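J.: Coordinates for the following, if possible.
(one chain, ligands or ions: 2)
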Amino acid sequence: MKNMLNEHGMVYIKPDQGTFGTGVIRSSKLSDSEFSYQLGTKKHTFSTFEGMAVSLSHVIGKRKYLIQRGIHLLEYHKRRFDIRVMVQKNPKNQWETTGIIGRLSHPEKIVTNYHSGGTLMSVGTLMSPHTTGSQYAEFQLGLKLLGTEIAKQLQGSYPGLKEIGIDIAVDRRLKPWVLEVNTLPDPYIFRKIGDSAVFRKIHRYCVHYGRFTRKKKRS
Ligand SMILES: Nc1ncnc2c1ncn2[C@@H]1O[C@H](COP(=O)(O)OP(=O)(O)OP(=O)(O)O)[C@@H](O)[C@H]1O
Ligand SMILES: [Mg+2]
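T.: Ligands and ions are numbered 1, 2, ... in the order given. Okay, the predicted model is just below:
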């Protein structure tokens, strides 16, 4: 963690088996004598790395966590946001990016998860202060391609894969960064906002590959 903070200035520390953004910590090194971390809505500051490490070790205990380089997410009305990209096997057995949705963090939190007080919004709206129309069209196409590329790559290791939900951070240079890939993505977030045809297609594909039916045992 010390090396990564020296290199990147900010890191995310996340439970190995996390959900809903619970337990996710954001830690920063502002100078050689200013360190901080935030968990939930509370920020803790320290004058040494060692002081912070002791405090973190009490929070983390013996559980397994991973440390990731932190990405400074783009903001919309002073709230951070990231993007969920839904990629599914279509009935022609090809990977298709079927939905893209934006997630705006609760103003005092460091995660964007809907179940942690985040708000779902259209990516077009969230990106509008950061892009021109043609830049956005290119950006959106890039996300769709990234989605299918990641699915094809993962399928090499997970041959039964039918759907993934990718959490993507975007930095000021509009570069997308993969934060995590979920193998059981929630399709219903796409019912909450936007075009109802998008949700209908996502649902139709889910039904087609049997997401909602219990797997029958083969004898
Ligand atoms: N490296 C990072 N840089 C910036 N923000 C991050 C980073 N990692 C996570 N976040 C923020 O925290 C949120 C939650 O992190 P993540 O998606 O990795 O865990 P999770 O949603 O709790 O896990 P899971 O989806 O496996 O249940 C992300 O959606 C994003 O807003
Ligand atoms: Mg997530």
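J.: residues near M10, how many?
T.: Each residue near M10 was counted by other CB atoms under 10 Å, and the total is 16. For every residue, glycine as well, the C-beta is placed using N, CA and C.
J.: now it, which residues is it bridged with?
T.: M10 has these beta-bridge partners by DSSP bridges: S28.
J.: now check the helix or strand where F190 lies, is it near ligand 1?
T.: Taking DSSP states H and E as the definition, F190 sits inside helix 189-192. No: if you take CB under 6 Å from any ligand atom as the test, helix 189-192 misses ligand 1, and the best it gets is 12.1 Å.
J.: helices or strands up against that helix?
T.: Using 3 or more CB pairs under 8 Å, 6 or more residues apart in numbering; DSSP states H and E as the contact test, the elements touching helix 189-192 are strand 95-104, helix 196-209.
J.: Could you name the helices and strands sitting against whatever helix or strand comes next after the first one?
T.: This means strand 95-104. Downstream of strand 95-104, the next assigned helix or strand under DSSP H and E is strand 119-121. Here strand 119-121 is seen to pack against strand 95-104 when contacts are counted using 3+ CB pairs under 8 Å, 6+ apart.
J.: Quickly list what the residue positioned nearest the centre of the chain is bridged to.
T.: When the chain is reduced to its mean C-alpha position, the closest residue under CA atoms, centre = their mean turns out to be D167, at 2.7 Å. Per DSSP bridges, residues listed as beta-bridge partners of D167: R84, E180.
J.: Quick check, it in contact with D82.
T.: Yes: contact criterion CB atoms under 8 Å: D167 and D82 qualify, at 6.0 Å.
J.: Now the common contact residues for those two.
T.: When contacts are counted by CB atoms under 8 Å, 6 or more residues apart in numbering, D167 and D82 are jointly contacted by L179.
J.: can you pull the pLDDT of S219?
T.: Note for S219: predicted pLDDT of 50.
J.: going forward can the numbers begin at 39, since that is how I track them
T.: I'll keep to 39 as the first residue from here, and by that count the last item is S257.
J.: Pick the most deeply packed of the helices and strands packed on helix 227-230.
T.: For the helices and strands packed on helix 227-230, ranked by mean neighbour count under the definition mean count of other CB atoms under 10 Å, the leader is strand 133-142 at a mean of 22.
J.: mind listing what that one pairs with, with the direction of each?
T.: Based on DSSP bridges, the pairing partners of strand 133-142 within the sheet are strand 117-127 (antiparallel), strand 157-159 (antiparallel).
J.: closest one to ligand 1 among these?
T.: If you check each of the strands paired with strand 133-142 against ligand 1 by CB to the nearest ligand atom, strand 117-127 wins as the nearest, at 4.6 Å.
J.: That closest one vs helix 234-247, what angle?
T.: Orientation check (axes from the mean of the first three to the mean of the last three CA atoms, to 10 degrees): strand 117-127 against helix 234-247 gives 40 degrees.
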